[in-house]
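1. Curious how this folds, go ahead:
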Amino acid sequence: MTIYYVNSATGSNTNAGTSEDAPFKSFWAVENLKPQPGDSVLLAAGSVYNDQLDLKYSGTVDAPITIGSYGVGDAPVIQSPNDGIHSLYASNIVIENITISDTGGAAIYGGYVSNWTVRNVEVEHTGLSKSGSITFRTGSNITIENSTINDVNGDGVWIEKVNGVNFINNTVTNAHGTAADAVQMNDSSNIAISGNTLDQTGAVTPKGVIALVRPVNAVVEDNTIIGGGFGIGAQAGTNVAIHGNDISGYGGYSWSYAIGLGDQGDTRDYDISGNYIHDGVWGVAVSAAGTPSYVREGIDIYGNLFDDLTQAALKVDRPASGSFHDNFIASDVTPYSISPTIIAAGTFPVYDNTTVNESETTFASADSLVATEASLSLMADSAYAGQDSMTKMKAEADHGHHGDPFGEDGVSSESLLLRRFGHDGFDKGSDVADKGNYFGPLDVADLFGAGETGNAFWHPNIPPPPESSHYQDGLVLSVILHPEDALV
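-> Below you'll find the predicted structure:
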């Protein structure tokens with residue numbers, strides 16, 4: 001396992017390249033050495049490379065080849081008239097701690113590759129001669145995390161025919177072009193899109209924000225999604241969960257939607273819950289261009305908040321089966337627009353939704369620390385929306401396939417479900433093991449009292465501890481509310 005150092009300013013290709021004092025000058029010298037599993041190619045901080053880095057050799061799962069940086073200062077920059085980093089058939093690669101900008105083609109292009117990780121990479125102003133940013137076509141196990149993509153021509157991220165995609169905690173802003181989305185994934189499976197901020201408000205003629213075309217087993221959760229002609233298009237997929245996203249600012253077309261499905265192919269088993277959908281056109285649209293005979297079944301839409309929409313919270317105008325229940329809908333938003341034939345068929349029932357008046361969306365006034373259940377029917381005003389919001393879930397103890405009063409499903413009407421955190425008014429303790437942010441109910445009576453209020457919750461899939469236990473296994477989620485910090 002060898003570390004190769006490259007410094008475009010002080011290096012020489014006649015150097016050994018194996019120490020910071022004797023670095024190579026260009027990628028050419030490293031490529032000629034045919035990097036082996038476990039080798040690292042480190043670029044000097046502050047250096048600039050006006051060439052394409054070709055990765056032709058693979059690491060192993062336990063010993064990947066790493067492209068990174070060394071030294072103190074700004075991240076090294078790869079510029080190129082072609083792609084920044086280009087690879088075909090290479091696997092087990094890590095790319096980290098670098099910047100790729102002003103490329104003619106993609107920032108990173110990988111074809112027929114597997115087990116790639118891209119992390120802490122900044123991409124800016126790429127796709128100057130042919131559209132492209134981060135692109136993977138045909139492969140498996142691709143992770144893109146903690147990276148920034150800005151001001152690119154074409155899709156910010158393009159994934160096609162990849163089994164196993166993790167797109168986690170990234171920021172994508174301003175992917176330009178009439179066919180451009182912040183993120184597009186085609187014909188891929190086992191997808192996780194989580195914790196990202198995706199903002200298309202400054203993009204020139206963008207198409208949308210997230211486009212999933214024929215996904216299988218996809219989770220889109222806890223993202224902030226802004227702008228574009230639509231928020232999330234998951235038009236034809238199987239087993240898709242869209243949870244806890246803040247979707248706003250989309251529009252420009254009469255059909256613009258926060259979440260759209262039912263076009264481009266069969267659509268089965270969608271769970272759409274806990275999203276804050278606001279400042280747009282349609283909410284959730286189950287529709288299609290024309291009248292294709294696609295299957296649209298198993299669509300469960302519940303626990304979402306709809307506010308400031310010019311059209312209905314729900315649109316269903318093509319044959320579909322599912323349900324729309326236990327949502328919160330602002331009083332100035334039309335609850336639904338469903339085809340009369342679908343209403344007559346009874347395949348998409350609407351029930352137990354709550355209309356929210358503007359006066360009910362205030363968390364608590366500064367002169368009133370005493371709150372009743374009625375005043376707490378919704379606690380998600382503009383100051384605490386999205387990831388800073390707390391949403392009350394009015395539901396039965398059992399909702400179909402979830403069937404559990406804990407976590408993101410039903411709780412009693414006297415309880416609040418803490419779905420998201422991020423405001424100073426809340427402290428989050430340890431997450432339930434392997435379950436991420438699955439939160440339990442907090443009784444209204446516990447919210448407002450002297451000093452801090454706390455509670456702890458045990459996940460139902462884990463046997464409860466004995467009464468004498470002090471929850472020492474780290475499987476408990478603790479929640480503390482500071483009332484003085486949670487006031488409007």
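2. Please tell me I have it right and N304 contacts H278.
-> No: under the criterion of CB atoms under 8 Å, N304 is not in contact with H278, lying 10.4 Å apart. All C-beta atoms are positioned from the backbone trio N, CA, C, and that covers glycine.
3. Same drill for those two, tell me which one is more crowded.
-> Regarding N304 and H278, a neighbour count based on other CB atoms under 10 Å identifies N304 as having more, with 29 against 22.
4. could you list every residue that touches the more buried one?
-> Taking CB atoms under 8 Å, 6 or more residues apart in numbering as the definition of contact, the neighbours of N304 are I272, S273, G274, N275, Y276, I277, G283, V284, A313, N327, F328.
5. from those residues, which would you call buried?
-> Members of these that pass the buried threshold by neighbour count (16 or more other CB atoms under 10 Å) are listed as I272, S273, G274, N275, Y276, I277, G283, V284, A313, N327, F328.
6. so how far is I210 from the nearest residue to T201 once chain neighbours are set aside?
-> With CB to CB, 6 or more residues apart in numbering as the criterion, T201 has its nearest non-adjacent residue at 3.7 Å, and that residue is G227. G227 is 12 Å from I210, where distance means CB to CB, to the nearest Å.
7. cool, and N186?
-> For N186 relative to I210 (CB to CB), the value is 12 Å.
8. of G227 and I210, who's got more company?
-> When neighbours are counted by other CB under 10 Å, G227 and I210 differ, and I210 comes out ahead with 29 against 24.
9. The strand or helix carrying D54 pairs with which strands, parallel or anti?
-> For D54, the element it lies in under DSSP states H and E is strand 53-55. According to DSSP bridges, strand 53-55 forms sheet pairs with strand 85-88 (parallel).
10. Name the residues that touch the strand it pairs with?
-> Applying CB under 8 Å, 6+ apart, the set of residues contacting strand 85-88 from outside is 52-56, 67, 78, 93, 95, 100, 105-113.
11. Name the residues of that strand that come out as buried.
-> By neighbour count, and taking 16+ other CB under 10 Å as the criterion, the buried residues in strand 85-88 are I85, H86, S87.
12. circling back: reformat the buried ones among the contacts of N304 as a markdown table; add pLDDT, distance to I191 and secondary structure.
-> Conversion of these to a markdown table gives the following (pLDDT from 0 to 100; distance: CB to CB, whole Å; DSSP: H, G, I helix; E, B strand; the rest coil):
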| residue | pLDDT | distance to I191 | secondary structure |
| --- | --- | --- | --- |
| I272 | 98 | 16 | strand |
| S273 | 97 | 18 | strand |
| G274 | 97 | 18 | coil |
| N275 | 97 | 17 | coil |
| Y276 | 97 | 22 | strand |
| I277 | 97 | 21 | strand |
| G283 | 98 | 23 | strand |
| V284 | 98 | 19 | strand |
| A313 | 98 | 26 | coil |
| N327 | 97 | 25 | coil |
| F328 | 96 | 28 | strand |
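13. Any chance of a markdown table for the residues you listed, columns distance to G265?
-> A markdown table is the format used below for those (distance: CB to CB, whole Å):
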| residue | distance to G265 |
| --- | --- |
| I272 | 18 |
| S273 | 23 |
| G274 | 26 |
| N275 | 23 |
| Y276 | 28 |
| I277 | 24 |
| G283 | 22 |
| V284 | 18 |
| A313 | 25 |
| N327 | 26 |
| F328 | 31 |
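14. Tell me how many other residues crowd D317.
-> Neighbours of D317 (other CB under 10 Å): 17.
15. Could you pull up phi and psi at it?
-> Summarising the backbone geometry of D317 under the convention degrees, to the nearest 10, its torsions are phi -130, psi 20.
16. residue contacts, it?
-> The neighbourhood of D317, defined by CB under 8 Å, 6+ apart, consists of V286, S287, S337, I338, S339, I342.
17. For those residues, which single residue is the most surrounded?
-> V286 (29 neighbours).
18. who touches it in this structure?
-> V286 makes contact with 260-262, 267, 296, 299, 314-318, 320, 322, 348, according to CB under 8 Å, 6+ apart.
19. part of a strand, is W28?
-> No: applying DSSP: H, G, I helix; E, B strand; the rest coil, one finds W28 to be helix, outside a strand.
20. Quick check, it in contact with N13.
-> Yes: counting by CB under 8 Å, W28 touches N13, with 6.7 Å between them.
21. Neighbour count for the two, which is higher?
-> More crowded of W28 and N13, by other CB under 10 Å: N13, with 15 against 12.
22. quick one: the more buried one and N7, what's the gap?
-> N13 is 11 Å from N7, by CB to CB.
23. for N50, same thing?
-> Relative to N7, N50 is positioned 14 Å away (CB to CB).
24. And these two? Which one has more around it.
-> Per other CB under 10 Å, whichever of N50 and N7 has more neighbours is N7, with 25 against 12.
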